[in-house]
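[1] Here is my input; please provide its structure:
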Amino acid sequence: MQVDIRNYYEVLLMEILRDEGLLEELPEEYLADLCCVTLNQLPVRYIRHLVDTYFFEDYAELQQMKNEIHSALEKSRQFLKANLHKKLVEDAEVAASIPAINKKPNI
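    Okay, here's the model as predicted:
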């Protein structure tokens, strides 16, 4: 038996990213990290049928969920940016500590 359920926050996040043009703009690896970090900050709300959800959802509740997503998305961007900066600094330190074996001597 296959059960067709989805996390509604995931659906809304993908809609937001699509509407902002980020699905086409961002590299796939970064986008995957961004989605994971964002969704890990949000509660889970499982749904079965998206069309039923659209029909029965409360507008105020939908706006609250979208606000939560936007807030989590901003925190995720900051987190990923900070971690990228940290990784770049660490990589630069490692590169600086490696002796220049292949450097040609100045003649």
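
[2] State the distance from the most centrally placed residue in the chain to Phe55.
    A centroid search over the chain (C-alpha atoms, centre = their mean) returns Leu34, at 1.4 Å, as the residue closest to the centre. To Phe55, Leu34 is 30 Å away according to C-beta to C-beta, to the nearest Å. (C-beta placed from N, C-alpha, C; glycine too.)

[3] Could you do His85 as well?
    Separation of His85 from Phe55 (C-beta to C-beta) stands at 45 Å.

[4] Equivalent analysis for Thr38, please.
    Using C-beta to C-beta, Thr38 is found at 26 Å from Phe55.

[5] again, but for Gln41
    28 Å.

[6] need the helices for the protein, in chain order.
    8-19, 22-25, 28-39, 50-56, 59-97 (DSSP state H).

[7] what's the least confident stretch among these?
    Per-stretch mean pLDDT for these is lowest at helix 50-56 (a mean of 77).

[8] So for it, what gets flagged as buried?
    Buried residues in helix 50-56, defined by neighbour count with 16 or more other C-beta atoms under 10 Å: Thr53.
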